[in-house]
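Visitor: coordinates only, no sequence provided:
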Ligand SMILES: Cc1ncc(COP(=O)(O)O)c(C=O)c1O
């Protein structure tokens, strides 16, 4: 019988006060939708007030600069320089903008990705096939694991772009991208990292990775809500790109309304398209500021401690653990292979346990920096009770 968790000092638990909704549910779904910071109420009220009272002047007074300022908060989280992160609506758009800057002309026309990348990215890459790209999808091995050696072997002189995920969304496997990117660089390929499932729970440093482009969004670990995503572009390359998917807000002087040839902005607006979604950015900023202040290494330490505990309890209950057991390979989520997982998930959601279910990996549960240790034990107890109930019904 596993012993109760030893009392440990939790230096992050005071941040829970900023997330009052965590008192209403067992929130184990930050890999899908992070809890709402209480500051969002004020941020959105302020947005409405500024719109109401300042009208069109709001653009000049704060809205136009807001995405760039928020991008700089994210740059801090990514170890990037200010001015290197562009905001947009979602990761799909961010990737589409960047990929629109490349010609996929043979012989260098390959996009190397993996079968475990997020479907939205895979659909986008398939679309590139109509523009001459050849898509090389590296398959998973057993347990939906991607072996970095397989990705490395798929990269050659025909590779234009290596586009992979840092943490695989289904299984929570951390892909060791360093050797993959080294290989890409040595052969002259561009690297694009979908770090959505990493940033905010697994430390990511764009300079250590020497990645060309990185995308991520607000909805999950960054607790920013929907509608805000971002693109980091390495300074040495950003200014050389001319995205075909572009718009007036990417122009160096948008308010000149120049109908001549496009002249891209030299800063982060280069990767914008049309009018930015200001309310979503106002809402997202609260979560970004909190994560930046805490620092991802502290979040990671707590996440590892709590996910380890969940894995020990899963072992005791006899559940298969589909997410990696090794700390160095596991992101912030634990995936449990239980019988009737879909039904178990639906029943738990109905009783205020927030988690999800993905075919192939089972139940996905994620603690975050606002999770109390006793909630870890409680959620596992609730899962076990529901699995047993389903088995009897
Ligand atoms: C790894 C990963 N990439 C991309 C997405 C989707 O991005 P978006 O909806 O912002 O395009 C998700 C989840 O929603 C994800 O987990």
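Guide: Here it is on my side, so go on. As the structure is a computational prediction, the values presented were derived from the model and not from experiment. Numbering: from 1, shown residues only.

Visitor: got the residues of this structure near the ligand?
Guide: The chain comes close to the ligand at residues 90-92, 118, 120, 165, 169, 194, 196-197, 217, 229, as judged by Cβ under 6 Å from any ligand atom. From N, CA and C alone the C-beta is placed, and that goes for glycine too.

Visitor: what's the closest of those residues to residue 319?
Guide: The nearest member of the residues of the chain next to the ligand to residue 319, counting by Cβ to Cβ, is residue 169 at 20.4 Å.

Visitor: count of residues packed around that closest one?
Guide: Residue 169: 23 surrounding residues under other Cβ atoms under 10 Å.

Visitor: mind listing what's buried along stretch 76-92?
Guide: In terms of neighbour count (16 or more other Cβ atoms under 10 Å), stretch 76-92 has its buried residues at 76-78, 80, 84-92.

Visitor: thinking again about what came up before, so of the residues of the chain next to the ligand, which ones are in strands?
Guide: When those are checked against strands (DSSP state E), the matches are 165, 194, 217, 229.

Visitor: list the beta-bridge partners for the second one.
Guide: By that I understand residue 194. residue 165, residue 215 (DSSP bridges).

Visitor: make JSON lines out of the buried residues of stretch 76-92 and add pLDDT.
Guide: Converted to JSON lines, the buried residues of stretch 76-92 look like this (pLDDT from 0 to 100):
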{"residue": "76", "pLDDT": "98"}
{"residue": "77", "pLDDT": "98"}
{"residue": "78", "pLDDT": "98"}
{"residue": "80", "pLDDT": "98"}
{"residue": "84", "pLDDT": "98"}
{"residue": "85", "pLDDT": "98"}
{"residue": "86", "pLDDT": "98"}
{"residue": "87", "pLDDT": "98"}
{"residue": "88", "pLDDT": "97"}
{"residue": "89", "pLDDT": "97"}
{"residue": "90", "pLDDT": "98"}
{"residue": "91", "pLDDT": "98"}
{"residue": "92", "pLDDT": "98"}
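
Visitor: ok, residue 8 - how many residues close by?
Guide: 9.

Visitor: got a list of what the most centrally placed residue in the chain touches?
Guide: For the chain, residue 196 is the residue whose C-alpha lies nearest the centre (Cα atoms, centre = their mean; 1.3 Å). Neighbouring residues of residue 196 by Cβ atoms under 8 Å, 6 or more residues apart in numbering: 91, 118, 165, 169, 215-217, 220.

Visitor: residue 252: neighbouring residues, count only.
Guide: Residue 252 sits with 14 neighbouring residues when counted by other Cβ under 10 Å.

Visitor: do I have it right that it meets residue 261?
Guide: No. Judged on Cβ atoms under 8 Å, residue 252 makes no contact with residue 261 at a distance of 11.7 Å.

Visitor: next structured bit after the longest helix anywhere in the chain?
Guide: Longest helix of the chain, by residue count under DSSP state H: helix 296-317. The helix or strand immediately downstream of helix 296-317 is strand 320-321, counting by DSSP states H and E.

Visitor: which residues are in contact with the helix or strand where residue 69 lies?
Guide: In the assignment (DSSP H and E), residue 69 maps to helix 66-78. Around helix 66-78, the neighbours that count as contacts under Cβ under 8 Å, 6+ apart are 80-87, 199-200, 204-206, 214, 216, 228, 230, 232, 267-269, 272, 276, 278, 281-282, 284-285, 288-289, 291-292, 296.

Visitor: what subset of the residues you listed is buried?
Guide: Applying 16+ other Cβ under 10 Å to the contacts of helix 66-78 flags 80, 84-87, 199-200, 204, 206, 214, 216, 228, 230, 232, 267-269, 272, 276, 278, 281-282, 284-285, 288-289, 291-292, 296 as buried.

Visitor: narrow those to those in helices?
Guide: Filtering these for helices - DSSP H - leaves 206, 278, 281-282, 284-285, 288-289, 291-292, 296.

Visitor: among these, which one lies nearest to the ligand?
Guide: In terms of Cβ to the nearest ligand atom, no member of those lies closer to the ligand than residue 284, at 11.9 Å.

Visitor: now the end-to-end length of stretch 346-365.
Guide: 14 Å (Cα to Cα, to the nearest Å).

Visitor: same question for stretch 95-104.
Guide: Per Cα to Cα, the first residue of stretch 95-104 is 15 Å away from its last.

Visitor: so what's the gap between it and the chain middle?
Guide: Centroid separation for stretch 95-104 versus its chain: 20 Å, with Cα atoms, centre = their mean, to the nearest Å.

Visitor: so for stretch 46-62, what gets flagged as buried?
Guide: Of all the residues in stretch 46-62, those buried under the rule 16+ other Cβ under 10 Å are 47, 50, 58, 62.

Visitor: and those as TSV, adding pLDDT?
Guide: Shown next, in TSV, are those (pLDDT from 0 to 100):
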residue	pLDDT
47	98
50	98
58	98
62	97
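
Visitor: pick the one among the residues you listed closest to residue 335.
Guide: Nearest to residue 335 among the buried residues of stretch 46-62, with distances taken as Cβ to Cβ, is residue 47, at 37.0 Å.

Visitor: distance of the nearest residue to the closest one once chain neighbours are set aside relative to residue 97?
Guide: Distances taken as Cβ to Cβ, 6 or more residues apart in numbering place residue 282 nearest to residue 47, at 4.6 Å, with adjacent residues excluded. Note on residue 282: its distance to residue 97, by Cβ to Cβ, to the nearest Å, is 22 Å.

Visitor: repeat for residue 60
Guide: Counting by Cβ to Cβ - residue 60 and residue 97 are separated by 25 Å.

Visitor: and for residue 368?
Guide: To residue 97, residue 368 is 29 Å away according to Cβ to Cβ.

Visitor: what does residue 190 give?
Guide: Computed as Cβ to Cβ, the residue 190 to residue 97 distance reads 14 Å.

Visitor: the two - which one has more neighbours?
Guide: Neighbours per residue (other Cβ under 10 Å) separate residue 190 from residue 97, with residue 97 holding more: 26 against 22.
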